[in-house]
Structures are given as C-alpha cells and as structure tokens.
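**Student:** What would the 3D arrangement of this be:
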Amino acid sequence: MNRAGRAGKGGRASIIGLGVASACLALTLSGTAQQTVPFEGGAPIAPAGFEPQPIPAEAIEYDTAEVMRIRVVPVARGLVNPWSLAFLPDGTLLVTEKEGRLRIIRDGVLDPKPVPGVPAVRVQGRSGLLDVVLHPQFAANRFIYFTYLKPVGGERQAVLTVARGRFDGSAITDLADIFSCGVGVSGPSRLAWGRDGKLYMTTPSSGNGSSSQDPNSYSGKVLRLNDDGTVPADNPFAGRAGHKPEIYTIGHRNALGLAAHPVTGAMWQSEMGPNGGDEINILKPGANYGWPIVSLGRTYPGPWQSPVFSKEGMESPVVYWTPSISLSGMTFYTGQKLRKWTGDIFVGGQRTGEIPGTGHLERVLVNEKLEELRRESLLVPLRMRIRDVRQGPDELLYVLVDHENGGVLRIEPSATQQKPTTSSARPPR
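**Tutor:** As a prediction, this is how the structure comes out:
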C-alpha cells in the first residue's frame with residue numbers, strides 16, 4: 001500500500017516535472033524561429049528546390065486514382081518559356097512564348113520560324129507575350145487576340161494591353177490594340193470567351209493589393225469586353241460614376257486561369273494566393289472576391305494575410321489550396337476519351353509550398369452542386385512548371401510546360417488499363 005502510494009506520488013512528480021520542462025522549452029523557443037531564413041524584399045528566399053525533368057523523349061505511362069492508366073506523350077520540345085496555347089480548327093497548335101514569339105505546331109512538328117506580326121512586348125519577370133485566343137467565329141473572320149505587356153515610357157515601364165489581328169495561317173496582319181489598362185497595371189493576364197459572346201480578361205493586382213478594391217482602377221479585376229474592346233452596355237458598373245465600366249468583378253490577386261463552365265456557362269477563375277490561399281472562384285457580375293481584405297493564405301513572412309477567412313458581402317472560393325501550388329491555366333474536361341475525368345476541373349501548378357521544381361497538374365472533382373469532393377495531383381515525378389492546360393479538339397488534354405527548354409505534353413488513355421483496387425467507404429479502424 002505504502003509502495004503503491006509512493007509510486008503514485010512519484011508518478012505525479014514526474015508528470016509535474018515534465019510539464020515544467022515543456023513550459024521552459026516553450027519559453028525558450030518563444031519568439032525564436034526554428035532556423036534562420038534569409039529574406040529579400042520582405043519574402044523568404046526560396047531554397048534551391050529540385051531540378052525539373054526534361055521533356056521526355058518517349059511516352060510515359062502512369063496509373064491514376066480513378067482506375068485509369070494514362071500515357072503522357074511529348075508533342076513538342078524546345079519552346080522557350082511558353083505561356084499559352086490555342087487550337088486552330090484543323091487541330092494545329094498555336095503557342096505563345098514569353099519573349100514575344102508565336103509558334104506553330106503542325107502534326108506534332110514545331111515550325112522553327114515564329115509567326116510574324118505579333119505585338120512587340122516588354123518582358124518583366126515571367127510576363128511578356130501572354131495569352132492567345134481565337135474569336136468564336138474565327139473560321140469566318142480570322143480574328144486572333146493577345147494579351148501582352150506593351151512597352152511605354154521609360155526602360156522598365158509596360159502596360160497590360162489587348163491586341164487583335166487576323167491570322168491567315170502563316171502571318172498576322174491588321175494588328176491593332178483594342179484595349180489598354182493604362183499605366184500602373186502590368187503583369188499576367190488570361191482571356192476567355194463567355195457563352196454570351198463577350199471577351200473576359202483578368203488583370204493583376206499591384207502594390208499592397210488595395211487597388212484590387214478600387215472600382216476606379218483596372219488592377220486586380222476581371223473585365224468584360226465586346227469583341228472590339230468596347231464596353232458592353234449590360235456590364236454591372238457601366239454608367240456608374242467612379243467605376244471603370246469594363247469591370248465585371250473586383251477583389252482579385254493574380255488570376256492565371258479563366259474558363260466558362262460547360263454546363264452553366266458561368267465564368268470560373270483560378271487565382272494565386274500569397275503563401276497559400278490559391279483559389280478557384282465562380283464569377284458573378286459585380287461581385288467582390290475579397291483580396292486583400294479576405295484571404296485563406298499567409299503573407300510571405302508567415303502571418304495570416306487577413307484576420308478572417310470570409311466576410312459578408314465578399315464571395316468565398318469553391319476550391320482553395322494551402323499550401324499554394326502557384327495556380328496557372330485552367331480548363332474543364334468535357335470529352336469521353338478520358339471518361340473517368342469527364343466534368344473534372346484541371347489546373348496547372350507551377351510549384352508547391354514555395355519549393356521550386358515541384359510543379360504538377362491538379363485534377364478536382366466536384367458534385368452537381370459544384371462542391372469539391374476530391375482532388376488528385378498528376379505528373380508529379382516530372383517536377384515541371386505547368387503554365388497552361390487545354391482540351392484539344394481530339395478530346396485529349398494538352399499541357400504546356402514553362403521552362404527555358406519547355407514544350408507541350410498530351411495526356412491520352414493507355415492501351416493497358418490498371419486493375420481496380422478494392423476500397424471501402426469506411427476507413428480502417
């Protein structure tokens with residue numbers, strides 16, 4: 001009895017001692033980083049990361065989560081920092097390169113000569129010649145559209161601009177700027193056609209992001225334009241004092257993905273957060289998406305971007321990522337050749353968790369209410385920066401790899417399918 005009592009007292013003493021030691025350790029670590037991290041410009045300097053794999057010389061096969069084996073086929077190599085891709089009616093691929101070149105890939109062969117007639121660009125960081133899209137009636141009018149950074153003023157000044165020209169299959173003619181964001185807006189941008197025949201355009205946030213909330217600034221917005229760059233009469237802010245009439249939605253950071261939902265017709269947008277907080281939004285006319293007031297991400301030094309993750313009067317994302325995958329291009333898969341993926345969302349990822357060399361392709365499955373059910377990371381072993389993803393007229397997926405020796409990959413079903421694995425709706429106990 002006494003021995004048991006002594007053991008009990010000793011046990012309590014040990015627990016108390018452990019608690020004191022833990023408290024002392026907590027005090028010792030309080031306010032001290034686990035390791036010293038070098039900073040530059042208010043952000044931690046990224047580690048060396050991993051070297052991306054080269055564009056494969058031969059097709060590679062992978063098993064995927066939906067019991068579907070895929071082949072990843074190299075379509076073209078030797079593209080220098082490609083940014084966007086588009087398909088001509090005959091399946092020929094057009095690819096923009098950041099430095100200001102438009103390239104043609106015919107029957108899997110990259111034409112060594114760039115297409116003449118593209119706009120002259122100013123390269124800033126990873127921006128220069130950006131998106132390329134064809135007019136919905138391209139077969140009749142031959143119109144082709146670009147977003148690009150137009151050189152203006154001093155050595156480092158550029159303005160985000162939309163240009164339109166005609167493409168005859170070998171050159172661009174009649175090129176003219178149809179819309180400019182003006183001085184102060186310079187960075188990445190996507191274009192997409194809505195079911196309403198209007199041209200939607202993303203613009204980057206600038207500075208501390210406050211301009212994203214300013215309705216009299218083009219910064220951090222999604223714009224809606226007629227096909228000639230003019231303002232649609234039914235835009236949500238058209239005719240309203242103190243508001244840019246081209247604005248469709250406000251409160252965005254840097255949006256590098258834009259696509260119309262194949263069923264609802266609503267415009268969906270993928271947007272980079274800071275350190276975390278990447279998101280996919282469903283755009284509603286006149287709505288506010290919160291940046292920089294509301295975010296699910298952290299600032300680069302570490303603290304949360306905002307004290308709240310949602311706020312009345314601001315739209316919440318339908319999908320978000322923490323850690324960030326550095327979202328880029330986005331598409332909905334509507335084909336049948338990759339039938340396990342029909343209806344899924346695909347987005348490019350340039351790096352994961354702020355580690356270079358960790359880019360991949362992400363697949364997101366949603367239900368009939370457009371609520372996320374699950375997601376899958378694809379092409380992870382390649383460690384490639386995925387800049388864009390599009391569905392081709394052949395109902396296969398095409399992925400654009402953004403490297404100095406980048407290229408295009410095609411995802412198709414394998415002739416050899418993986419065997420289904422047994423699973424249970426209830427996790428093991």
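
**Student:** any chance you could map the helices in the chain?
**Tutor:** 2-29, 138-141 (DSSP state H).

**Student:** Kindly report which one of those carries the lowest mean pLDDT.
**Tutor:** Note on the helices of the chain: lowest mean pLDDT is at helix 2-29, with a mean of 43.

**Student:** Any idea how far apart the tips of stretch 136-146 sit?
**Tutor:** End-to-end span of stretch 136-146 (C-alpha to C-alpha, to the nearest Å): 14 Å.

**Student:** what comes into contact with that stretch?
**Tutor:** Applying C-beta atoms under 8 Å, 6 or more residues apart in numbering, the contact partners of stretch 136-146 are 88-89, 94, 96, 118-119, 129-135, 162-168, 172, 191, 193, 197, 199, 227. In this view, the C-beta of every residue, glycine as well, is placed from N, C-alpha and C.

**Student:** Mind doing that once more with 7 Å?
**Tutor:** Here stretch 136-146 makes contact (C-beta atoms under 7 Å, 6 or more residues apart in numbering) with 89, 118-119, 129, 131-135, 162-168, 172, 191, 193, 197, 199.

**Student:** what does stretch 251-266 give?
**Tutor:** Contacts for stretch 251-266 (C-beta under 7 Å, 6+ apart): 187-188, 190-192, 194-195, 200, 202, 204-205, 209, 212-213, 220-222, 267-273, 282-283, 288-291, 314, 327-332, 334, 347.

**Student:** still on that earlier bit, if you go by neighbour count, which of the contacts of stretch 136-146 are buried?
**Tutor:** The neighbour count (16 or more other C-beta atoms under 10 Å) marks 118-119, 129, 131-135, 162-167, 172, 191, 193, 199 as buried among the contacts of stretch 136-146.

**Student:** Give me the pLDDT for L382.
**Tutor:** What the model reports for L382 is a pLDDT of 94.

**Student:** what's the span of stretch 127-146, first residue to last?
**Tutor:** Span of stretch 127-146 from end to end, C-alpha to C-alpha: 13 Å.

**Student:** and what of stretch 88-104?
**Tutor:** With C-alpha to C-alpha, one end of stretch 88-104 sits 10 Å from the other.

**Student:** For that stretch, list every residue counted as buried.
**Tutor:** So stretch 88-104, judged by 16+ other C-beta under 10 Å, has buried residues L88, L93, L94, V95, T96, E97, K98, G100, R101, L102, R103, I104.

**Student:** Of those residues, which is the nearest to D402?
**Tutor:** K98 (8.1 Å; C-beta to C-beta).

**Student:** what about that closest one, distance to K284?
**Tutor:** As judged by C-beta to C-beta, to the nearest Å, K98 and K284 stand 32 Å apart.

**Student:** Could you do P215 as well?
**Tutor:** Distance from P215 to K284, by C-beta to C-beta: 15 Å.

**Student:** now swap in V72 and tell me
**Tutor:** Here the criterion is C-beta to C-beta. By it, V72 lies 36 Å from K284.

**Student:** more crowded one of these two?
**Tutor:** The residue with more neighbours, out of V72 and K284, is V72; 21 against 14, by other C-beta atoms under 10 Å.

**Student:** Which strand residues bridge Q269?
**Tutor:** When bridges are called by DSSP bridges, Q269 pairs up with L258, N281.

**Student:** Please name the residues that touch it.
**Tutor:** T202, V222, A255, G257, L258, N281, L283.

**Student:** a markdown table for those residues, including pLDDT?
**Tutor:** Converted to a markdown table, those look like this (pLDDT from 0 to 100):
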| residue | pLDDT |
| --- | --- |
| T202 | 98 |
| V222 | 98 |
| A255 | 96 |
| G257 | 97 |
| L258 | 98 |
| N281 | 98 |
| L283 | 98 |
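
**Student:** Tell me the one among those nearest to S414.
**Tutor:** Among those, and counting by C-beta to C-beta, the member closest to S414 is G257, at 27.0 Å.

**Student:** That closest one - how many residues pack around it?
**Tutor:** 24.

**Student:** next one: L110
**Tutor:** Counted with other C-beta under 10 Å, residues neighbouring L110 total 17.

**Student:** With G265 instead?
**Tutor:** By other C-beta under 10 Å, 10 other residues sit near G265.

**Student:** leaving aside the residues next to it on the chain, what's closest to S210?
**Tutor:** P292 (6.9 Å; C-beta to C-beta, 6 or more residues apart in numbering).

**Student:** G209 is in contact with the one you found, correct?
**Tutor:** Yes. Contact criterion C-beta atoms under 7 Å: P292 and G209 qualify, at 3.4 Å.

**Student:** P52 versus the closest residue to V308 other than its chain neighbours, what's the distance?
**Tutor:** Setting aside the residues directly before and after it, V308 is nearest to V294 in space (C-beta to C-beta, 6+ apart), at 6.3 Å. Computed as C-beta to C-beta, the V294 to P52 distance reads 34 Å.
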